[in-house]
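Peer 1: Dropping the sequence and predicted coords here.
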Amino acid sequence: MKQRLLYLCVAFFILPTCGIAGGFSKLPVSARAVTLGGSLVSFSDDPNVVFYNPAGIAALKTLSISTSYTQLFTGISDDRLSYISGSAVANLGLVGNLGVGIRSFSSNFWKENEIVGSYAQSLFDLFFIGGSVKLMQWSTPAPSGRLAVPEEGLSNVTLSFDAGAQAQLNNIVPDNDIRFGVFVGDITQPSIAKNGAPEGKLNLRLSTGIAYISRVYNYAVTAHYTVAGTMRRLGVGLEILALETSVLEQPVHLVVRAGGGGGLQATAKQGDLNGGLGLTIAGLSFDYAFAYQTELSYVSGTHHLTLRYSF
C-alpha cells in the first residue's frame, strides 16, 4: 500500500508531463502530442489542439474527430491507471470553427472528468484566435479499510477558461512555413478544493511554441516552453513523413515521431523520452506513442493510442 501511494504521488504531482499546474487534467492528450514533447500549442491540423490551444482549430477545413486511450505506468500492478479522451472540430465557414473535447482519468483513489467547448476564428489565414470554456469535476471515494477514519467522499465541480492565439508565416523559404502559438490556461485559477481553499487553486498556465514545417521534405520540428506556478518545462519534437504510397487507390502515409522534454527548475528536472508513429489511410489515422520517464525506472513507461479521422 505504501509503495502504491508513493508511485502515485511521484507520477502525478512531480512529473512535468503529468503534474503541470495541479490536477490530473494536465495529463498529455493524444499519442501525437506525447511524441512531440507533450504539447500541440503551435499545431493546427489536429482536433486535439482543443486541449492545448483553441486557436489551432481555426485552420481545420473539414469535420475532424479523434479519440485516445492511455495506459499509465504498467509497472504498477495493484491499480489500473487509465485515461481516455475524445475531441471533434467542425468548420462553420465564415462563422468560425467550433470544437468540443472530453477527457477522463480514473484510478482507485481519484477520478477526474473535463468537458471543453472551444471557438476559434481565422484572420486572413495568417492569424488565429480562440477560447475555451471548461467544466471540470473531481471526486475521491470515502476511505475504506479496517483502519480507515470514517468520513464522506469528496466531489467538486467548477468552471475554468482558456485562450490562445497562433500566427503563421508562409514561405519563409519556398514551401517552408513557421507557425507560432501562445496559450493561457486556467485563467480564472479555480480551486479543486470543495471549500474553495486557495491552497487548491490551479496555477495559471502559460505556453509558447514554435513549429517549423517543411512541405518540401515533409517534416516538422517543434519546441514549446511552459510556465505554471514554480514549474518550468521545455519540450521538443520531430515529425517526419517516412513513407507515402497507395493501397487499393487509397493514399497511405507513414509518419515517425520522436521527442522529449523536462523540467528546468533545480528542484524538479524529471524528463521524458518519447517515440512513436502515425499511419494514415484515406483520412483515418492511427497514432501510437511510448513515453519513458527518465526518473521513474520502477514503474515502466506509458502507452498512448489515438484514432483520428477527417471527413
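Peer 2: On my side now, so go ahead.
Peer 1: which outside residues touch the strand or helix carrying A90?
Peer 2: Per DSSP states H and E, A90 falls inside strand 81-91. Outside strand 81-91, the residues within contact range by C-beta atoms under 8 Å, 6 or more residues apart in numbering are 11, 27, 29-30, 47-48, 50-51, 57, 60-73, 97-107, 116, 118. Just so you know, the C-beta spots here come from the backbone N, C-alpha and C atoms, and that holds for glycine as well.
Peer 1: contacts for the helix or strand that comes right after that strand?
Peer 2: Next along the chain after strand 81-91, taking DSSP H and E as the criterion, comes strand 97-106. The contact list for strand 97-106 (C-beta under 8 Å, 6+ apart) reads 24-25, 27, 29, 47-48, 50-51, 54, 57-58, 60, 81-92, 111-122, 130, 132.
Peer 1: Which parts of the stretch 151-300 of the chain are strands?
Peer 2: Assigned by DSSP state E, counting those that start in this stretch, the strands in the stretch 151-300 of the chain fall at 154-173, 176-185, 205-214, 219-228, 231-247, 250-263, 271-281, 284-293.
Peer 1: And the last one, what's buried?
Peer 2: By neighbour count with 16 or more other C-beta atoms under 10 Å, strand 284-293 contains the buried residues S285, D287, Y288, A289, F290, A291, Q293.
Peer 1: Now do it and strand 250-263, the angle between them.
Peer 2: Inter-element angle recorded for strand 284-293 and strand 250-263: 20 degrees (by axes from the mean of the first three to the mean of the last three C-alpha atoms, to 10 degrees).
Peer 1: how about low-confidence regions in this protein?
Peer 2: Scanning the chain for pLDDT under 70 picks out the ranges 1-26, 73-80, 142-153, 194-196, 266-269, 296-299.
Peer 1: let's go with 50 and repeat that
Peer 2: Applying pLDDT under 50 to the chain flags residues 1-23, 25.
Peer 1: Need the phi and psi values for the closest residue to Y292 other than its chain neighbours.
Peer 2: Ranked by C-beta to C-beta, 6 or more residues apart in numbering and with sequence neighbours excluded, the top spatial neighbour of Y292 is G301, at 4.4 Å. Backbone geometry at G301, expressed as degrees, to the nearest 10, gives phi -100, psi -170.
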